[in-house]
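**Q** Build me a model:
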Amino acid sequence: MVDVVASDEVQRGLSVIVPLAPAETEWPELVLQLAELPAGSEVILVAADDTPRPAPESWPPQLGYRVCRSPAGRARQQNLGARVASGEWLWFLHADSRLRIETLPELQRFMARGDEALGWFTLAFRGDGPRWTVFNAHGANWRARWLGLPFGDQGLLLPRSRFAALQGFDELAPYGEDHLLVWAARQAGLPLRHVPAVLETSARKYARHGWLATTLRHWRLTAAQAWPAWRAMRKGSTPALAIFVKTPGLSPVKTRLAATLGEAAATRFHQLAAAATGEVARSCQSQLTPYWAIAEAGPVAAAAWPGFASLHQGEGGLGERLHTVYSQLLARHGRVLLIGADAPQLTADLLRAAIDRLDDDAAPFVIGDASDGGFWLFGGRAPIPREVWTSVCYSQPQTAADLRQRLMPHGGVTPVPALADVDSAADLPVLLEALAALVEPLPAQRLLHDWLQPMLDRVDAPAVRG
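**A** Sure, this is the predicted structure:
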């Protein structure tokens with residue numbers, strides 16, 4: 001749930017996201033410092049409890065201020081803050097972070113350059129812990145500068161689009177979500193840039209647990225995470241999988257289905273089918289990087305599709321939108337798979353087979369035909385001119401054949417097994433049979449099957465059969 005505590009009707013360039021642990025008390029001083037942010041910025045506090053945290057009485061009207069409530073977990077809280085953020089830039093701060101006089105001016109200079117980069121600040125510890133923490137600060141700054149490993153207490157700053165491409169913070173990691181985000185940025189080729197200003201943080205944990213014990217523990221945990229992350233980076237980036245979806249309430253969904261079943265049932269089908277498709281993608285996340293490719297722009301649409309990073313399909317017809325998503329993800333990952341959410345009987349084995357054939361030197365593209373003459377999957381590892389995408393006649397019996405023909409000058413196409421997708425009510429009995437035939441259906445696929453069976457029994461049989 002998001003509470004809008006003060007006016008946020010302004011255009012924002014920067015969203016500052018601050019996760020708060022239960023009973024956190026350090027945040028008010030930081031918020032007062034953030035009142036000096038440039039006009040149009042917003043501050044988002046993401047709390048793990050229900051304690052009221054109103055904006056200061058003197059809060060500037062030109063700044064946004066939000067309080068979100070989230071289950072505990074810094075990665076989860078920060079991801080929620082990013083989903084509701086409206087700024088083009090995201091700045092992640094800890095509640096005990098403190099700014100110096102040069103921090104905000106240097107921040108603005110960094111953003112004004114427009115670098116597609118992950119920024120980090122010089123770390124300094126406040127005087128609330130052992131004096132030996134000065135060595136920890138020197139070590140952290142050396143590690144960030146020379147090893148390319150800044151941590152969260154150095155104020156990670158990056159464009160929202162790049163944060164989404166990195167899939168946000170790892171919510172399954174027991175610790176070090178900031179560390180893992182930096183490794184993901186390095187693997188994706190996102191440059192790391194130093195913002196030449198100091199960001200202070202508290203040294204309380206060193207006072208509470210002992211300087212030596214805390215330092216040694218940090219070294220041990222960092223090394224335990226860094227080694228597998230380094231090995232994964234050496235193996236190269238995983239291919240991207242974009243799942244094309246529309247957001248109920250913002251766009252009409254499954255309109256041909258709605259003509260027979262009604263809008264509510266068509267919307268529910270779309271939600272269940274997308275959930276099943278996403279669960280299959282999640283089951284093979286070690287082999288690919290899933291994205292929601294969302295038809296609508298803006299934070300409301302992005303917040304409706306949690307779990308994966310999201311990107312906007314862009315404007316124009318289907319060909320334009322396919323080009324936008326494919327070209328963006330190809331630049332980041334080198335290999336791309338595109339699917340819809342209307343063939344939810346797909347399996348992880350089918351996705352893995354598509355990846356294997358995409359890596360085959362015989363052809364740079366793969367296509368999975370749909371039973372209606374379209375395609376349920378497209379994959380590629382080579383650039384495709386915009387005019388190839390836009391010259392195809394979509395939603396026609398010859399769509400897949402048309403795309404194959406237009407791709408021939410750019411490389412061959414390898415097939416993957418065909419699937420039946422759902423466009424109208426007449427396709428639903430085929431889907432129901434396919435779901436029932438799955439050897440090991442995932443929970444979301446079973447849920448779709450169990451919803452679909454009685455729903456089909458209630459509607460007019462001739463209408464469903466077409």
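**Q** Neighbours of Arg76, how many?
**A** Arg76 has 20 neighbouring residues, counting by other CB atoms under 10 Å. The C-beta positions use only the backbone N, C-alpha and C, and glycine is treated the same way.
**Q** Check which residues of the host helix or strand of Leu257 are buried.
**A** Here Leu257, judged by DSSP states H and E, is contained in helix 255-261. Under the neighbour-count criterion of 16 or more other CB atoms under 10 Å, helix 255-261 has Leu257, Ala258, Thr260, Leu261 buried.
**Q** Touching, the third one and Asp427? I think so.
**A** In other words, Thr260. No. Using CB atoms under 8 Å, Thr260 is not in contact with Asp427, being 10.7 Å away.
**Q** Can you name the residues bridging to the most centrally placed residue in the chain?
**A** Geometric centre of the chain, nearest residue: Ala309, 1.3 Å, by CA atoms, centre = their mean. Here Ala309 sits in beta bridges with Tyr291, as judged by DSSP bridges.
**Q** What distance do you get for it to Glu200?
**A** 31 Å (CB to CB, to the nearest Å).
**Q** before we move on, what about Thr414?
**A** 56 Å.
**Q** picking up where we left off before, show me the contacts for the residue nearest to the centre of the chain.
**A** Taking CB atoms under 8 Å, 6 or more residues apart in numbering, we find Ala309 in contact with Ala164, Ala165, Leu166, Gln167, Gly168, Thr289, Pro290, Tyr291, Trp292.
**Q** want to throw these into CSV with distance to Ala240, neighbour count and pLDDT?
**A** Formatted as CSV, those follow (distance: CB to CB, whole Å; neighbours: other CB atoms under 10 Å; pLDDT from 0 to 100):
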residue, distance to Ala240, neighbour count, pLDDT
Ala164, 12, 20, 85
Ala165, 9, 25, 79
Leu166, 12, 22, 80
Gln167, 10, 20, 78
Gly168, 15, 25, 87
Thr289, 5, 26, 88
Pro290, 8, 23, 91
Tyr291, 6, 27, 91
Trp292, 12, 26, 93
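**Q** Next, format the residues you listed as CSV and append distance to Gly373.
**A** What follows is these, written out as CSV (distance: CB to CB, whole Å):
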residue, distance to Gly373
Ala164, 33
Ala165, 33
Leu166, 37
Gln167, 34
Gly168, 37
Thr289, 30
Pro290, 27
Tyr291, 26
Trp292, 26
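**Q** Out of those, which comes closest to Leu192?
**A** Nearest to Leu192 out of those is Leu166 (CB to CB; 12.6 Å).
**Q** how about low-confidence regions in the stretch 101-250 of the chain?
**A** 227-237 (pLDDT under 70).
**Q** And the helices in it?
**A** 103-113, 133-146, 160-165, 177-187, 204-209, 211-235 (DSSP state H, counting those that start in this stretch).
**Q** Let me know which of those is the nearest to Ala420.
**A** helix 160-165 (31.5 Å).
**Q** Can you list the neighbours in contact with that closest one?
**A** So helix 160-165 is in contact with 15, 82, 85, 87-90, 116, 118, 185, 188, 190, 291, 302, 309-311, 332, going by CB under 8 Å, 6+ apart.
**Q** Buried ones among those?
**A** 15, 82, 85, 87, 89-90, 118, 185, 188, 190, 291, 302, 309-311, 332.
**Q** Tell me who's in contact with Pro191.
**A** Here Pro191 is in contact with Asp115, Glu116, Ala117, Leu118 (criterion: CB under 8 Å, 6+ apart).
**Q** Break this protein into its domains for me.
**A** Following automatic domain parsing, the chain resolves into domains at 2-235, 240-465.
**Q** partner residues bridging the residue nearest to Leu329 when sequence neighbours are not counted?
**A** Spatially, and ignoring its direct neighbours in sequence, Leu329 is nearest to Ala240 (4.0 Å; CB to CB, 6 or more residues apart in numbering). Here Ala240 sits in beta bridges with Thr289, Val336, going by DSSP bridges.
**Q** do the same with Gly340
**A** The partner residues for Gly340, given DSSP bridges, come to Phe244.
**Q** show me where pLDDT drops low in the stretch 301-450 of the chain?
**A** In the stretch 301-450 of the chain, no residues with pLDDT under 70.
**Q** which residue ranges form the helices in it?
**A** 318-333, 348-358, 386-390, 399-407, 428-437, 443-458.
**Q** Could you dump the ones you listed into JSON lines and include distance to Leu172?
**A** Listed next are the helices of the stretch 301-450 of the chain as JSON lines, based on distance: least, CB to CB, whole Å:
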{"stretch": "helix 318-333", "distance to Leu172": "21"}
{"stretch": "helix 348-358", "distance to Leu172": "18"}
{"stretch": "helix 386-390", "distance to Leu172": "35"}
{"stretch": "helix 399-407", "distance to Leu172": "37"}
{"stretch": "helix 428-437", "distance to Leu172": "28"}
{"stretch": "helix 443-458", "distance to Leu172": "18"}
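**Q** and His270, which of the ones you listed is closest to it?
**A** Among those, the nearest to His270 by CB to CB is helix 443-458 (10.8 Å).
**Q** contacting residues around the closest one?
**A** Contacts of helix 443-458 (CB under 8 Å, 6+ apart): 261, 265, 268-269, 272-273, 275-276, 278-280, 344-345, 428-429, 431-432, 435-436, 438, 441, 464.
**Q** Could you rerun that using 6 Å?
**A** For helix 443-458, the external contacting residues (CB atoms under 6 Å, 6 or more residues apart in numbering) are Leu272, Ala275, Ala276, Glu279, Pro344, Leu428, Leu432, Leu435.
**Q** Can you give the distance of it from its chain's centre?
**A** Computed by CA atoms, centre = their mean, to the nearest Å, the chain-centroid distance of helix 443-458 equals 29 Å.
**Q** Longest strand in the chain, please.
**A** For the chain, the strand that runs over the most residues, judged by DSSP state E, is strand 192-201.
**Q** relative to helix 177-187, how tilted is that strand?
**A** Counting by axes from the mean of the first three to the mean of the last three CA atoms, to 10 degrees, strand 192-201 lies at 170 degrees to helix 177-187.
**Q** Tell me the helices and strands packed up against strand 192-201.
**A** Contacts defined by 3 or more CB pairs under 6 Å, 6 or more residues apart in numbering; DSSP states H and E place strand 192-201 against helix 103-113, strand 118-125.
**Q** Can you say which of those is packed in most?
**A** Comparing the helices and strands packed on strand 192-201 by mean neighbour count (mean count of other CB atoms under 10 Å), strand 118-125 ranks first with a mean of 24.
**Q** ok so, going back, of the contacts of helix 443-458 - the most surrounded one?
**A** Neighbour max across those (other CB under 10 Å) = Pro344, 28 neighbours.
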